[in-house]
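Chemist: Structural data only, the sequence is not supplied:
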């Protein structure tokens, strides 16, 4: 399962829409081993194509080095398909080189309804996984942390984001 | 020429999990042959059958893309640092040239 903040999903969709009809691409970095995407990094599509993407090699080096310095890894690697479904193509599978990442596909073929699906791609095998979008505004654990032990029935609603 | 080589996650199975190894050679071609002698199979993920750098592998010599330094003929000096990163690429359609398997294949 891919757990990802609503804010980050919105930023990825906005990026895909902005670059349409070229394929948009990027990553979401997160603390190594946490499986939690925290830092959205849109990347330049050096191919500037509507059917192919490739990270610019120098940009990739800088971003990968930066992640290493920060103790991060690429938790999500995303790109958009602009005229086909949000499903990994043969090319996507052949070139997937980060077995630990969630491969997020976004399809902008329908401007009204952007399709988002997530997959693991390991040794040429594609496995779809559910995407759980975390909405901070309705995260009920945020309210629970404000329940005081001595007055268990009083809940502080002021904490709502 | 002794160089330090950074190995990406997906190729660490060839180096027994090592993130970085030492190698020698005065060009990238020599370096990869040297590495292959100690880590069999590694060169095959970096160099194609016709002897050129795999299209979807990025190799950097001291933070410069080796493609701008002559590819496999890029010169190496003692103490240089070589970094290997599989390209992050893909897309709806097969790229124009034959879809050569990358470091990730």
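Modeler: Structure received. As the structure is a prediction and not an experimental result, all values here were calculated from the model.
Chemist: Walking through chain B, point out its strands one by one.
Modeler: Taking DSSP state E, the strands of chain B run over residues B:2-6, B:20-24, B:57-61, B:64-65, B:81-86, B:89-90.
Chemist: which residues are contacting the last one?
Modeler: Residues lying outside strand B:89-90 but in contact with it, judged by C-beta atoms under 8 Å, 6 or more residues apart in numbering or on different chains, are A:47, A:52-55, A:79, A:88-89, A:91-92, A:95-96, B:56, B:95, B:102. Quick note: C-beta positions are derived from backbone N, CA and C, even for glycine.
Chemist: go on, the second one?
Modeler: Strand B:20-24 has contacts (C-beta under 8 Å, 6+ apart) with B:1-7, B:15, B:30-31, B:34-35, B:38-39, B:82.
Chemist: Just flag the most distant two among the residues you listed.
Modeler: Comparing all pairs in the contacts of strand B:20-24 by C-beta to C-beta, the longest separation belongs to B:1 and B:15, at 19.5 Å.
Chemist: For residue 82, grab the count of nearby residues.
Modeler: Just going to use chain A. Using other C-beta atoms under 10 Å in any protein chain shown, residue A:82 has 20 other residues around it.
Chemist: Wait, chain B was what I had in mind.
Modeler: 24.
Chemist: Check it and give its pLDDT.
Modeler: According to the prediction, residue B:82 has pLDDT 98.
Chemist: The closest residue to it other than its chain neighbours: what's it in contact with?
Modeler: Excluding its sequence neighbours, the residue lying closest to residue B:82 (C-beta to C-beta, 6 or more residues apart in numbering or on different chains) is residue B:5, at 4.7 Å. By C-beta under 8 Å, 6+ apart, residue B:5 lies in contact with B:20, B:21, B:22, B:23, B:31, B:35, B:81, B:82, B:83, B:84.
Chemist: quick one: contacts for the last one?
Modeler: Taking C-beta under 8 Å, 6+ apart, we find residue B:84 in contact with B:5, B:6, B:7, B:8, B:11, B:46, B:57, B:58, B:59, B:60, B:103.
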